[in-house]
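**Student:** got a sequence here, can you model it:
(chains A and B)
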Amino acid sequence: EPEVTQTPSHQVTQMGQEVILRCVPISNHLYFYWYRQILGQKVEFLVSFYNNEISEKSEIFDDQFSVERPDGSNFTLKIRSTKLEDSAMYFCASSVSAATNEKLFFGSGTQLSVL
Amino acid sequence: LAKTTQPISMDSYEGQEVNITCSHNNIATNDYITWYQQFPSQGPRFIIQGYKTKVTNEVASLFIPADRKSSTLSLPRVSLSDTAVYYCLVGDNTGGFKTIFGAGTRLFVKA
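**Tutor:** Here you go, the predicted structure:
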């Protein structure tokens, strides 16, 4: 079965540093998403992306965050100046369409630790 | 926006059938009911979706009564590896540009 792949699996960074989390969505999918999950809490929506534009974003996704599809296969999440509270598991997801019953395919996540 | 209510946690033993019920009293006519499963340190995984009556796949069954105000995810003969969080999503919370997850039901399967 096709998979969404995420790299790295773990990332440790110092507060104030920039990090880029990388994702390769499933090849025929057109819609891309980032979610995060702080330890012990629920999965939180960050942003959705389609046709090289942000479709929706949550209030978590402030000016410190940005997303990009730099080429035909990668989808990245950048955090410009990390804070301690950015420590979380970050999941990338993709889907074929944006229909209300469309299912999302998630990657295994990147565990980000900000020290 | 359909709100869902499901138990916070459930315990079971290996080999038992587990039923997790989700309430969605204000489900809209066009809304589907979707369940995801999340193992520790992994992303959520779609397991089943239905609109009415019963749906079965290799992982689970989904029972939806005629009024569609609730649904029950049924896991036959669970094993330790079925320990996970199970999320029920309805309507505007599923698909589109913004799928929203609630707290889910934490299932613990014991030996």
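
**Student:** neighbours of the residue in chain B that chain A sits nearest to, how many?
**Tutor:** Of all residues in chain B, residue B:43 sits closest to chain A, at 2.8 Å by Cβ to the nearest Cβ. Every residue, glycine included, has its C-beta placed from N, CA and C. As a burial measure, residue B:43 scores 23 neighbours (other Cβ atoms under 10 Å in any protein chain shown).

**Student:** what's the pLDDT at it?
**Tutor:** Note on residue B:43: pLDDT of 94.

**Student:** tell me the contacts of the closest residue to it other than its chain neighbours?
**Tutor:** Computed as Cβ to Cβ, 6 or more residues apart in numbering or on different chains, the closest residue to residue B:43 that is not its neighbour in sequence is residue A:106, at 2.8 Å. Residue A:106 is in contact with A:4, A:35, A:91-93, B:42-45, counting by Cβ atoms under 8 Å, 6 or more residues apart in numbering or on different chains.

**Student:** take those residues and keep only those in strands.
**Tutor:** Using DSSP state E, A:35, A:91-93, B:45 are the members of those that sit in strands.

**Student:** isn't residue A:24 right next to residue A:73, touching?
**Tutor:** Yes - using Cβ atoms under 8 Å, residue A:24 makes contact with residue A:73 at a distance of 5.4 Å.

**Student:** which residues of chain B score low on pLDDT?
**Tutor:** For chain B, the stretches with pLDDT under 70 are B:1-2, B:92-97.

**Student:** buried ones in stretch B:8-28?
**Tutor:** Of the residues in stretch B:8-28, B:12, B:18, B:20, B:22, B:24, B:27 count as buried by neighbour count, 16 or more other Cβ atoms under 10 Å in any protein chain shown.

**Student:** the more surrounded of residue A:24 and residue A:73?
**Tutor:** Using other Cβ under 10 Å, the more surrounded residue of residue A:24 and residue A:73 is residue A:24, with 16 against 11.

**Student:** and the strands in the chain, which stretches?
**Tutor:** Just going to use chain A. Secondary structure of chain A, counting by DSSP E: strands at A:5-7, A:10-13, A:19-24, A:31-37, A:44-50, A:53-57, A:65-68, A:75-79, A:88-95, A:105-106, A:110-114.

**Student:** my question was about chain B, not that one.
**Tutor:** Secondary structure of chain B by DSSP E: the strands cover B:9-13, B:18-23, B:33-38, B:45-50, B:53-56, B:61-64, B:70-75, B:84-90, B:105-110.
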